[in-house]
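**Q** Got a predicted model here, sequence first, then my questions.
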Amino acid sequence: MEQINVSEHIEWAPVAWTLLAKLRLESPLVQCITNFVSMDIVANTLLSAGASPAMIHSIEEIPDFTPHAHALCINTGTLSPDWLPAMKVAAEVATASGKPWVLDPVAAGASGFRMRACLELVQRKPTVIRGNGSEIIALSKASVGTTKGVDSTHESMDAMEAAKSLAQASGGIVAVSGAVDVVTDGQHVVGAHNGVPTMQKITATGCAVTALIAAFVAVDPLHAFEATASALSIFGVAGEMGMETAKGPSSLRMHLIDSLYGLDQADVLSRVKITSLDEIRSSVN
Ligand SMILES: Nc1ncnc2c1ncn2[C@@H]1O[C@H](COP(=O)(O)OP(=O)(O)OP(=O)(O)O)[C@@H](O)[C@H]1O
Ligand SMILES: Cc1ncsc1CCO
Ligand SMILES: [Mg+2]
C-alpha cells in the first residue's frame, strides 16, 4: 500500500471531512476481534460514525466472513490463548483479501504472553497500529515490565521516536493517543490536537478510536496515514463537542457518541486541528 507523500502543507480539515462523508456514504463493514470491556463502545462508535460493526471472533467463521469485511480491527485487551489463533488467521485472511487491518496492542508490556502475541501480530503487517504511549514504547522495544496495565504512564509525545521506529520495523502507520495524538509512517509525523482529558476516564475510548481508524482506512486504504490522523481528530472533535453538555465521564460517553453521529461539515472544518510535528524531536525513546 502506498504510504508516501504526506505533505506538510496538507489542508487537513477538508481531508477529514471528505473521509467522514465517504464513510457515511459507503458504510464499511468493520470486523472487530476486540476485548469484552470494549465491545459495546466500539460497536456504538462505529455505528454513530456511519460504519457497520460486526464482533465476529470465532476462528471457524473467519474464512467465510473476513473476506467480506472492508476492514478488520484486532484488539488484545482481554487476550487469552484460545483467541490468539483466530486473531492471527483473521489478519492473514484480511491481508490475502487485500483488506486493511488495524492492531490495538492493549497492555502490550504487561506479560511475556501478551508481548509475544503482539509481536506475532505485528509480523502479520497491520496497516495501522494504534496504542497509548506506554503500549507503543513497550512494543517498539519488545520490553515486558512495570506497566499500569491498560493505562498509560507516558505522554504520547514522549513515544514519538518509539512510534517512528515501530512504523519503520512494521512497515505500517503507527498512532499514539494522548493529549496530542501522534501519527507517523516512520518518516513524517503529525499531531491531532483535539479531544478532552475526560476521555481518558471512560474505559475503552482508545479501543473505540482504533476501530474508527479501521473504518476510515476502509474507505481510503491507499492513504492510511491521512485516514488515521483524520479518524483520531474527528473522534477528538466529538469528545470536545460532547463535553460541552456532559457532566462527567458517563454522560460524556453518551454525548460523544451523539456528537459523532451529528457532526456536520462546519463542525469538522472549524475544529479539526492536525499539524506537522516533523520539527519536534522526542527526548524519551
Ligand atoms: N489529555 C487528553 N486530552 C485530550 N484528549 C485525550 C487526552 N488523553 C486521551 N485523549 C483522547 O482519548 C482517547 C483515548 O486515548 P487513550 O490514550 O486514553 O487510549 P487508551 O489508553 O488506549 O484507552 P483504553 O485502553 O481505555 O481504550 C483518544 O481519542 C485520545 O485522543
Ligand atoms: C480495562 C480493560 N482491561 C482489559 S481491556 C480494558 C479496556 C480498556 O483497554
Ligand atoms: Mg488502549
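**A** Ah, there it is. None of these values were measured; they are calculated from a predicted model. Ligands and ions are numbered 1, 2, ... in the order given.

**Q** Which residue lies nearest the spatial centre of the chain?
**A** Thr210 (2.5 Å; CA atoms, centre = their mean).

**Q** give the contact list for it.
**A** The contact partners of Thr210, by CB atoms under 8 Å, 6 or more residues apart in numbering, come to Cys73, Asn75, Val102, Asp104, Arg130. All C-beta spots, glycine's among them, are computed from the backbone N, C-alpha and C.

**Q** again, only using 10 Å
**A** Residues near Thr210 by CB atoms under 10 Å, 6 or more residues apart in numbering: 32, 34, 38, 42, 45, 73-75, 102-106, 128-131, 175, 177, 204, 228, 231-232, 235.

**Q** now, which of those residues lie within strands?
**A** Residues of those located in strands (DSSP state E): 32, 73-75, 102-104, 128-131, 175, 177.

**Q** Ligand 2 next: which of the contacts of Thr210 are close?
**A** By CB under 6 Å from any ligand atom, the members of the contacts of Thr210 lying near ligand 2 are Ser38, Val106, Ala204.

**Q** Which residues of the stretch 101-250 of the chain lie near ligand 3?
**A** Val106, Gly206 (CB under 5 Å from the ion).

**Q** residues from the stretch 101-250 of the chain in reach of ligand 2?
**A** Counting by CB under 6 Å from any ligand atom, the stretch 101-250 of the chain sits next to ligand 2 at Val106, Val150, Thr203, Ala204, Gly206, Cys207.

**Q** Pull the most distant pair out of those residues.
**A** By the measure CB to CB, Val106 and Thr203 form the most distant pair in these, at 11.2 Å.

**Q** got any residues that touch both of these two?
**A** With CB under 10 Å, 6+ apart, Val106 and Thr203 have common neighbours Asn35, Val37, Ser38, Gly77, Val150.

**Q** okay, now the second one: neighbour count?
**A** Right, Val37. Neighbour count of Val37, defined by other CB atoms under 10 Å: 16.

**Q** go on, the last one?
**A** Other residues near Val150 come to 22 when the count uses other CB under 10 Å.

**Q** Phi, psi for it please.
**A** The phi/psi pair for Val150 (degrees, to the nearest 10) reads phi -80, psi -10.

**Q** Kindly report the same for the one 4 residues further on.
**A** Recorded main-chain torsions at His154 are phi -120, psi 150, according to degrees, to the nearest 10.

**Q** That one against Ala162, yeah?
**A** Yes: in this structure His154 lies within contact range of Ala162 using CB atoms under 10 Å: 9.0 Å.

**Q** what touches both of the two?
**A** Counting by CB under 10 Å, 6+ apart, the common neighbours of His154 and Ala162 are Gly133, Ser134, Glu135, Ile136, Ile137, Ala138, Val176, Val284.

**Q** Please list all residues in contact with the second one.
**A** Okay, so that is Ser134. Ser134 neighbours (CB under 10 Å, 6+ apart): 107-110, 146-156, 158-159, 162, 176.

**Q** Buried only: go through those residues for me.
**A** 107-110, 147, 150, 152, 154-156, 158-159, 162, 176 (16 or more other CB atoms under 10 Å).

**Q** So, low pLDDT: which residues of the stretch 1-150 of the chain?
**A** By pLDDT under 70, the low-scoring segments of the stretch 1-150 of the chain are 1-9.

**Q** And the residue of it closest to ligand 1?
**A** Closest approach between the stretch 1-150 of the chain and ligand 1, counting by CB to the nearest ligand atom: Asn132, at 3.5 Å.

**Q** Can you point out the buried residues in stretch 264-283?
**A** Those would be Asp267, Val268, Arg271, Val272, Lys273, Ile274, Ser276, Leu277, Ser282, for stretch 264-283 by 16+ other CB under 10 Å.
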